[in-house]
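Engineer: Using only what follows, build the 3D model:
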Amino acid sequence: MHAVLALVAGRRRRRWTLVSWLLAASHLGMLENRQSLGLPNAVTLLRANLAATGGPARWLPVAALASDLLDGRLARRMGSETAFGAQADSLADVAFWTWFVLRHEPSRSVRIGALAAWAAPVAVVTIASIGRGQMVDAPRPAVLRPAAAMQVVVATRAVLRRAPQNR
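Structural biologist: Next up is the predicted model:
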């Protein structure tokens with residue numbers, strides 16, 4: 001799958017897919033007793049690589065939102081939820097949404113909010129995990145998930161944003 005994504009990505013963005021492959025390959029043990037990634041995890045990894053594949057910036061967040069809903073629904077329906085999927089889902093969100101807002105979001109306050117919603121929790125969990133010498137699970141609020149709300153805000157702003165006029 002990553003080889004196909006690297007071909008689609010083109011020369012400039014192949015490093016993105018290489019890093020994605022290295023992260024996925026180095027965490028395959030988190031699949032537990034499964035013999036393959038499975039469809040839900042493949043959808044997650046596709047979302048993680050949307051930045052490399054390019055496409056119209058206006059619709060990439062819609063594709064990311066749709067894939068985020070789809071991978072979770074598929075995993076629950078197929079009974080294929082894994083530690084790999086949970087971690088990959090969070091990292092795919094961080095990778096895509098952070099890239100998207102830094103590259104395409106004109107509002108500084110929205111960029112700051114997005115970094116607070118995605119990058120800050122990753123940094124906190126990483127620091128806590130290193131400090132404790134074992135992985136720490138990120139807290140998941142039951143009522144409002146700031147990162148999910150931020151996805152909707154960023155995607156809506158992208159879709160409603162006017163395309164630049166050729167001059």
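Engineer: Only C-alpha atoms from now on, for both contacts and neighbour counts.
Structural biologist: Will do.
Engineer: what sits against the closest residue to Gly29 other than its chain neighbours?
Structural biologist: Nearest residue to Gly29, sequence neighbours excluded (Cα to Cα, 6 or more residues apart in numbering): Phe84, at 7.9 Å. Contacts for Phe84 (Cα atoms under 8 Å, 6 or more residues apart in numbering) come out as His27, Leu28, Gly29, Met30, Leu31, Asn41.
Engineer: what do you get if the cut-off is 10 Å, keeping everything else the same?
Structural biologist: Ala24, His27, Leu28, Gly29, Met30, Leu31, Glu32, Leu37, Asn41 (Cα atoms under 10 Å, 6 or more residues apart in numbering).
Engineer: any idea how far the fourth one lies from Leu37?
Structural biologist: I take that to be Gly29. 11 Å (Cα to Cα, to the nearest Å).
Engineer: just the second one next, same as before
Structural biologist: Per Cα to Cα, His27 is found 11 Å from Leu37.
Engineer: Run through who's touching the helix or strand harbouring Ile127.
Structural biologist: Using DSSP states H and E, Ile127 sits within helix 108-132. Under the contact criterion Cα under 10 Å, 6+ apart, helix 108-132 has outside partners 90-91, 93-105, 107, 133-139, 145-151, 153-154, 157.
Engineer: buried subset of these?
Structural biologist: 90-91, 93-98, 100-102, 105, 147, 150-151, 154, 157 (16 or more other Cα atoms under 10 Å).
Engineer: In three-state terms, how would Leu74 be classified?
Structural biologist: helix (DSSP: H, G, I helix; E, B strand; the rest coil).
Engineer: Could you report the neighbour count for the closest residue to it other than its chain neighbours?
Structural biologist: In space, and not counting its chain neighbours, Leu74 is closest to Pro40: 5.6 Å by Cα to Cα, 6+ apart. The number of residues packed near Pro40 is 25, by other Cα atoms under 10 Å.
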